[in-house]
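S.K.: Quick one, what's the 3D model for this:
(one chain, ligands or ions: 1)
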Amino acid sequence: MNKARVIRLMIFLCAFVLFSCSEKQYDTIDEKLESLLEEMTLEEKVGQMAQITLDVIGKGGSRYNSYEPFLIDTVMLRKAILEYHVGSILNTTNNYALTPVKWNEIISFIQQIAMEESRMKIPVVYGIDAIHGVTYTDGATIFPQQITLAATFNPVHAYNMARITAYETRASGIPWNFSPVLDLGADPRFSRQFEGFGEDPYLIEIMGEQMILGYEGITDSISSPYKVATCVKHFLGYSVPASGKDRTPAYIPENMLREYHLEPFKKVIDAGTESVMINSGIINGISSHASYELITKILKEELGFKGVVVTDWMDIINLHTRDKIAVDNKEAVKLAVNAGIDMSMIPYEFEQFCQDLVALVKEGEVKESRIDDAVRRILSMKMKLGLWENPVTKIEDYPEFASETSVKEAYEAAAEAITLLKNEYKILPLSKSVKVLVTGPNANSMRALNGGWTYSWQGEKADRYAQQYNTILEAIQHKIGGINVQYVPGVSYVETGNYYEDKDDRFSEAVQQAKKADVVILCLGENSYTEKPGDLNDLTLSHNQLNLAKEVAKSGKPVILVLNEGRPRCIREIEPSMAAVVQTYLPGNYGGDALADILFGDVNPSGKLPYTYPSYPNSLVTYYHKPAEEQKRAEGAYVYESDYNPQYEFGYGLSYTDFEYSNLRVSSKTISGNKPVEIFVDIANTGSLSGKEVVMLYTSDLYASITPDVKRLRRFTKIELEPGEKKTVRFELNARDLAFVTPDGKWITEPGEFEIKTGSLKQVIKYK
Ligand code: BGC
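M.R.: All right, here's what the predicted structure looks like:
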């Protein structure tokens, strides 16, 4: 065959293959996937592994921000998609929220270029952080933050938030959500504690699983236009850096990593999460993004994770610029991809990432089989999402977007989470005819109610976008009538860069007004933040706020302290002079209404603390500490400051009614093999109001070969009881529930005695 004929034949074959790629029907996703993969050039494969941020393709002349309103820079978009084959885009533009229509328009255009003009016609997968409702969609239903949901101890709320958020994320045209956060909230100094489900691994596991089901579906799959692919984060051990500051080194022994941090991830991987985001930090000296052990050995091999592993923001280049373990970008790419990263959230300099990775493969430094593995995972997620058939979903097909039912779910989650921590002389609920002074920097702020990741990354735009919802002050005014409500801020937040401080704001007037009121509602806490801008040097509540509390308390009027904060700020100095303390966490757009309903008795509080509320910034110990943390004060000369001394314990929370626990019984006093033990307890509502109670079951290993935790939460359930009503709750435990991880990383249940506790009741059982 002469050269010209060979060329003609090759052209024909290419055309045939291309045609068959776009037209051919495949029996299975695998068939379609393998056929695509065979067709793709190395450059096309590498492009699939690249993720860029929206501003990179926005007009404005810089990759870091764009003109407003947002306009696509078509030259840049074509360069990214047609020249570099970029497979994924994330984030919003200029850090603000867009309408669903605008989202639809942007994503439709991106898909048009990808699916009509690119050789392989592979759709782009768009990803977003819709972490408590659709963060960056104007008008979406905004829920409480995850920490608040945890306080409900009711997994239905986690499921509902995820289900509604999936629907509204798809209404915005976006199919992939970087949520939920399953990091262990064991350190209250950490700026992202509010993004997780608190300090207990079991609570995180149960709530996390429900979020996966809500997002990805129980009976339907992510190809449904009402479901999204999830991305659990941040794998692994992100939330406990030694300094308490974001993205600084953590030191976690293997047994702790496995026993406390890994379990929730294991559970959601089994529940089918589609993707995992890697911890931006450094554990035991190893940057997680360069850890073959963590990403390939543990996540992919041991846990059998088949989905996409994505980096966190800039975390490949960070191996060079921040962690200094790679001399340049190319070495960083090599380390990360060989460690098992499938997609790089680059998110700016995509050319560099793509060129470096192509070169590394050509030089034999990264195997093409590693690239194929990554691309298989990415294409498989895109296929499962049905992106070829339905590349962009449109708001007009989502009549339930921000519907009344969705709003009701968001309100109910807040109402069931708000936690009553102190109620001296049963001052709460208040009568609706009292005259109140509402004061404090959190009294009149939608931003503070919502926290970070609300309309913008740091949440600073919430007051603009959420004007139609009620702040705490507005909700109280609606509840009891404006005439009975005086408002003087006393202290207000001040903007200083991204982080927020506070200052006096009519301080003495607030103190004067306290004297004239019947009751003071003092709203303290934090302004919104997340990630590094939320780093903290002192966990104690700010000086100005403590001062305001002290001065209004001197009025002699009962002060109701309302806490509105992403993490528990120490209040030991002022707590004794407060008549009541109510923790709202970050309750979202309907949190003000929920709080007012609780303060004035329309809702009976039933939230419980999902973390230990510390008394002192130097005593930060979780409830599942070792007995050595409880060395009591010595008799006589020595006084220990090392006894466990929280302000409020994990799981604590009061009600307006009373519950009595009785008759704890077990089906067997010994447990062995696979046979579970049944545990029963009776709970009665002995008060005069109907109420909800979280029944928690703890176990304590009395003696073990390594010092055991004082107790661990093993089961919980939330029940509702009318006055005088009694219910029996049944739990089941098996040997695995009594296990711990040995220093060499193995789960074992040791024979011996275990105490089972619920309320103040206890029983001892034996494992043999
Ligand atoms: C955060 C992630 C987030 C990502 C994309 C990072 O800075 O750590 O949690 O998903 O940004 O917005």
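
S.K.: Would you state the helices of the stretch 101-250 of the chain in chain order?
M.R.: For the stretch 101-250 of the chain, applying DSSP state H, counting those that start in this stretch gives helices covering 146-152, 155-171, 201-216.

S.K.: most packed of the ones you listed?
M.R.: Comparing these by mean neighbour count (mean count of other Cβ atoms under 10 Å), helix 146-152 ranks first with a mean of 31. C-beta: built from backbone N, CA, C; applies to glycine.

S.K.: who's in contact with that one?
M.R.: Identification of contacts with helix 146-152 by Cβ atoms under 8 Å, 6 or more residues apart in numbering yields 131-132, 143, 157-158, 161, 180-181, 185, 193-198, 203-204, 207, 413-414, 416-419, 566, 583-588, 591, 606-611, 653, 718.

S.K.: make it 7 Å
M.R.: Applying Cβ atoms under 7 Å, 6 or more residues apart in numbering, the contact partners of helix 146-152 are 132, 157-158, 161, 180-181, 185, 193-198, 203, 207, 413-414, 416-417, 419, 585-587, 607-610.

S.K.: Report whether that helix contacts the ligand.
M.R.: No - judged by Cβ under 6 Å from any ligand atom, helix 146-152 makes no contact with the ligand; its nearest approach is 12.1 Å.

S.K.: who touches the nearest residue to residue 510 once chain neighbours are set aside in this structure?
M.R.: In space, and not counting its chain neighbours, residue 510 is closest to residue 490: 3.3 Å by Cβ to Cβ, 6 or more residues apart in numbering. Residues near residue 490 by Cβ under 7 Å, 6+ apart: 439-440, 505-507, 510, 548.

S.K.: From those residues, pick the one nearest the ligand.
M.R.: Each of those was scored against the ligand by Cβ to the nearest ligand atom, and residue 440 proved nearest at 29.9 Å.

S.K.: Which residues are in contact with the closest one?
M.R.: Taking Cβ under 7 Å, 6+ apart, one finds 490-491, 522-524, 545, 548 in contact with residue 440.

S.K.: got a pLDDT number for it?
M.R.: Looking at residue 440, its pLDDT reads 98.

S.K.: And the one 10 residues further on, by the same measure?
M.R.: Looking at residue 450, its pLDDT reads 98.

S.K.: before we move on, what about residue 6?
M.R.: For residue 6, the model assigns a pLDDT of 42.

S.K.: Quick check: the residue of the stretch 651-768 of the chain nearest the ligand.
M.R.: Residue of the stretch 651-768 of the chain nearest the ligand, by Cβ to the nearest ligand atom: residue 713 (26.1 Å).

S.K.: Show me what the strand or helix carrying that residue packs onto, helices and strands only.
M.R.: Per DSSP states H and E: residue 713 is located in strand 712-721. Packed against strand 712-721, as judged by 3 or more Cβ pairs under 7 Å, 6 or more residues apart in numbering; DSSP states H and E, are the following elements: helix 201-216, strand 677-685, strand 691-701, strand 726-733.

S.K.: Mind putting those into JSON lines with mean pLDDT and distance to residue 59?
M.R.: Listed next are those as JSON lines, based on pLDDT from 0 to 100; distance: least, Cβ to Cβ, whole Å:
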{"stretch": "helix 201-216", "mean pLDDT": "98", "distance to residue 59": "33"}
{"stretch": "strand 677-685", "mean pLDDT": "98", "distance to residue 59": "62"}
{"stretch": "strand 691-701", "mean pLDDT": "98", "distance to residue 59": "52"}
{"stretch": "strand 726-733", "mean pLDDT": "98", "distance to residue 59": "59"}
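
S.K.: Which residues of the stretch 251-400 of the chain lie near the ligand?
M.R.: So far as Cβ under 6 Å from any ligand atom goes, the stretch 251-400 of the chain lies against the ligand at 280, 312-313.

S.K.: make it 8 Å
M.R.: Contact residues (Cβ under 8 Å from any ligand atom) of the stretch 251-400 of the chain with the ligand: 277, 280, 312-313, 345.

S.K.: Inside strands: which ones of these?
M.R.: Residues of those located in strands (DSSP state E): 277, 345.

S.K.: Would you reformat the residues of the stretch 251-400 of the chain next to the ligand as TSV and include neighbour count?
M.R.: As requested, those are exported to TSV (neighbours: other Cβ atoms under 10 Å):
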residue	neighbour count
277	24
280	22
312	21
313	18
345	23
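
S.K.: Can you tell me which of the residues of the stretch 251-400 of the chain next to the ligand is nearest residue 56?
M.R.: Minimum distance to residue 56 across those is 11.8 Å, recorded for residue 345 (Cβ to Cβ).

S.K.: The closest one reaches residue 312, doesn't it?
M.R.: Yes - with contact defined as Cβ atoms under 7 Å, residue 345 reaches residue 312; the gap is 6.2 Å.

S.K.: out of the contacts of residue 440, who has the most neighbours?
M.R.: residue 490 (33 neighbours; other Cβ atoms under 10 Å).

S.K.: From the ligand, how far out is that one?
M.R.: 34 Å (Cβ to the nearest ligand atom, to the nearest Å).

S.K.: Use 50 as the first number from now on
M.R.: Okay, residue one is now 50; in that scheme the one you just asked about reads as residue 539.
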